[in-house]
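J.: Predicted model and sequence below, questions to follow.
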Amino acid sequence: MTALIEIRGVAKTYVRGKQKVEVLHNVGIDIAAGDFLALMGPSGSGKTTLLNLIGGLDTPSAGSITVGGQRIDQLGSGALARWRASHVGFVFQFYNLLPMLSAQKNVELPLLLTRLSAAQRRKNASIALQLVGLADRANHKPGELSGGQQQRVAIARAIVSDPALLVCDEPTGDLDRQSADEVLSLLRQLNREHGKTIVLVTHDPKAAEFATHTLHLDKGELVEPTVTAH
């Protein structure tokens, strides 16, 4: 399988006052196109930092990150924002939905950055909602939906621009087990049936079981990976 993501010698250091905090040290991994990878590790191990680097929300202090043949660590902030809008869908623990907008309008939001017509935006958002099983909730506002439904709306918003890559930061951290399993099953379906490459950060071993394999981070370094059998 071709590597969609190539990470080479990546380090990330933050400066807090006079103190330098090295969060990632010399991380190197390949993530294949069509993979579903779970990143696990204790709090403060650098999981979210690595996820943010992969998704282009942050840039490394050293090393290189190539996604789909493009060195994203070399892009300026404007080019990086355009790259993210075209290539990456983000799913966070808290759904970040706008409470005054319907599910349909929330899903349409990323498309406002594109040149699509209003009619095409509506159509694409409807298809995304259908894909996550919420076509019948299109006109509901977030407050009228359960937590699991809100997260599925957030996933619809993440996939509406048809990105190759989904990065998910603790997407089930705020959900009960049943809702969490429904959201994870949806992610697995997007991976298997629609070819989305997914990188999932989770504390939950049950969530990691939905991935094709798991990598563990500890103190900013990758430790021996474990393989999940399916």
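T.: Here it is on my side, so go on.

J.: per-residue pLDDT, the most centrally placed residue in the chain?
T.: Nearest residue to the geometric centre of the chain (C-alpha atoms, centre = their mean): residue 167, 1.4 Å. pLDDT, the model's per-residue confidence, is 91 for residue 167.

J.: Could you do residue 226 as well?
T.: Confidence at residue 226, expressed as pLDDT, is 48.

J.: residues touching the residue nearest to the centre of the chain, list them.
T.: By C-beta atoms under 8 Å, 6 or more residues apart in numbering, the contact set of residue 167 is 51, 54-55, 88-91, 198-199. Using the backbone N, CA and C atoms, a C-beta is placed for each residue, glycine as well.

J.: and with 7 Å instead?
T.: Residues touching residue 167, when contacts are defined by C-beta atoms under 7 Å, 6 or more residues apart in numbering, comprise 51, 54-55, 88, 90, 199.

J.: Which of the three states applies to it?
T.: For residue 167, the secondary structure call by DSSP: H, G, I helix; E, B strand; the rest coil comes out as strand.

J.: So in terms of bridging, what pairs with it?
T.: According to DSSP bridges, the residues that bridge with residue 167 are residue 90, residue 199.

J.: From residue 209, how far out is it?
T.: Summarising the geometry, the distance separating residue 167 from residue 209, computed by C-beta to C-beta, to the nearest Å, is 19 Å.

J.: Repeat that for residue 180.
T.: Using C-beta to C-beta, which is the criterion applied here, residue 180 is 11 Å from residue 209.

J.: Between the two, which has more neighbouring residues?
T.: Using other C-beta atoms under 10 Å as the criterion, residue 180 and residue 209 rank with residue 180 on top: 22 against 15.

J.: how near is the residue lying closest to the more buried one once chain neighbours are set aside to residue 20?
T.: Nearest residue to residue 180, sequence neighbours excluded (C-beta to C-beta, 6 or more residues apart in numbering): residue 172, at 3.6 Å. As for residue 172, its distance to residue 20 is 34 Å (criterion: C-beta to C-beta).

J.: Which of the two has more residues huddled nearby?
T.: Per other C-beta under 10 Å, whichever of residue 172 and residue 20 has more neighbours is residue 172, with 27 against 10.

J.: Check whether the more buried one sits in a helix, strand or coil.
T.: Recorded secondary structure, residue 172: coil (three-state DSSP).

J.: Would you mind pointing out the helix or strand residue 123 falls in?
T.: helix 118-131 (DSSP states H and E).

J.: all strands of this protein, in order?
T.: Remark: strands assigned in the chain by DSSP state E are 3-16, 19-32, 36-40, 62-67, 70-71, 88-91, 165-169, 197-201, 213-218, 221-227.

J.: what's the burial count for residue 204?
T.: Burial of residue 204 is recorded as 17 neighbouring residues (other C-beta under 10 Å).

J.: just use 49 as the starting number from now, easier for me
T.: Happy to do that; since the first residue is 49 now, the last one works out to residue 252.

J.: Just give the nearest non-adjacent residue to it, would you?
T.: Closest residue in space to residue 252, ignoring its immediate chain neighbours: residue 220 at 6.5 Å, by C-beta to C-beta, 6+ apart.

J.: One more: residue 97?
T.: Nearest non-adjacent residue to residue 97, counting by C-beta to C-beta, 6+ apart: residue 71, 4.8 Å away.

J.: Could you pull up the residues touching the one you found?
T.: Residue 71 is in contact with 60, 62, 94, 97, 268, counting by C-beta under 7 Å, 6+ apart.
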